[in-house]
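Novice: after the sequence you'll find the predicted model.
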Amino acid sequence: MYSFVRAKDIGLSVLGRPLTVLTIGDGPRRVFVNAAHHANEWITSLVLLRFAAEYGAAIDKGGRIFDADARALFSSTTLHLLPLVNPDGVDLVNERITDVSVLAKARRIASRYPDIPFPDGWKANIRGVDLNLQYPAGWEMARANKAEIGIVDPAPRDFVGPCALSEPESIALYNYTLENNFDMTLSYHTQGKVIYWKYLDIDVKNALETAMAFKNVSGYEVEDVPYASGFAGYKDWFIWHFRRPGFTIEAGEGVSPLPLEQFDEIYENNLGILVRALQA
């Protein structure tokens, strides 16, 4: 790792895995990009790790990344990357959980939802809480929406938890965001090739213009979040609390977990988005 790439653990998962943020840059603008709130969307973690490697190499060599001077980006913007919000869930989906009791608990949760394939359909953290339904922005509405489809207890997906910020992973992101007062955030998910940019009707300066800039370099569509999914996400809370641009990027296309064969295309589509976020 390059000396100018700093690593910091901002918290621990349920199973004690570190939530590690990589920081690159020393500029006054602060941009936070996170990935893999959802376990079966782990391919987004690889996008951020590859970007960190390529951006670091470009800075080191005095080169360019996408269409931008890497050292100019470094001087203007401090980038915070959290590639893996949900390490326990990602391990479960990839069959890397070795603790028999932990695996048995997850199987019991999954057994109540036979229509959701196990482990591939698992989005939640290891306790069966959907981490992107944990934030205090319409959490009660999210709970009501999910209750309408029968999700009121731990589940492979869509359970909002017993209360907002009940999980160590969501608490860590919440606190880190408050501590750093970011100018912009991007949350990476799969799938749909879509950019979500709004929460309710909150008017955020330059948010739509930035979303359109992302569209222009990625080919992704800019859309409003469907109502049933439009509450308690990280983006929702960031927009609500800070009144600053926050985005959810739904990368790739298909059924999660997306195959690794899509990775190169996903990365190329999103490289420009990440650079534009540093420039905005």
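Specialist: Done, it's in.

Novice: for Leu208, give its distance to Ser170.
Specialist: Distance of Leu208 to Ser170, computed by C-beta to C-beta, to the nearest Å: 27 Å. (C-beta placed from N, C-alpha, C; glycine too.)

Novice: okay, these two: which has more neighbours?
Specialist: Using other C-beta atoms under 10 Å, the more surrounded residue of Leu208 and Ser170 is Ser170, with 28 against 14.

Novice: can you give me the buried ones in stretch 49-61?
Specialist: In terms of neighbour count (16 or more other C-beta atoms under 10 Å), stretch 49-61 has its buried residues at 50-52, 54-56, 58-59.

Novice: need these in TSV (columns: pLDDT).
Specialist: Shown next, in TSV, are the buried residues of stretch 49-61 (pLDDT from 0 to 100):
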residue	pLDDT
Arg50	99
Phe51	99
Ala52	99
Glu54	99
Tyr55	99
Gly56	99
Ala58	99
Ile59	99
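
Novice: ok, of those residues, which one's closest to Leu82?
Specialist: Proximity to Leu82 was ranked across those by C-beta to C-beta; first place goes to Ala52, at 11.0 Å.

Novice: who's in contact with the helix or strand where that closest one lies?
Specialist: Assessed by DSSP states H and E, Ala52 sits inside helix 43-61. Here helix 43-61 makes contact (C-beta atoms under 8 Å, 6 or more residues apart in numbering) with 1-2, 4-5, 22, 24, 33, 35-36, 63-65, 70-71, 73-74, 79, 81-84, 90, 188-190, 251-252, 257-258, 260, 262-263, 266-267, 270-271, 274.

Novice: pull out the buried members of these.
Specialist: With neighbours counted using 16+ other C-beta under 10 Å, the contacts of helix 43-61 contain these buried positions: 5, 22, 24, 33, 35-36, 65, 70-71, 73-74, 79, 81-84, 90, 188-190, 251-252, 257-258, 262-263, 266-267, 270-271, 274.

Novice: quick one, what contacts the nearest residue to Lys215 once chain neighbours are set aside?
Specialist: Distance criterion C-beta to C-beta, 6 or more residues apart in numbering; nearest residue to Lys215, sequence neighbours excluded, is Val222 at 5.1 Å. Residues counted as contacts of Val222 (C-beta under 8 Å, 6+ apart) are 194-195, 197, 208, 211-212, 214-215.
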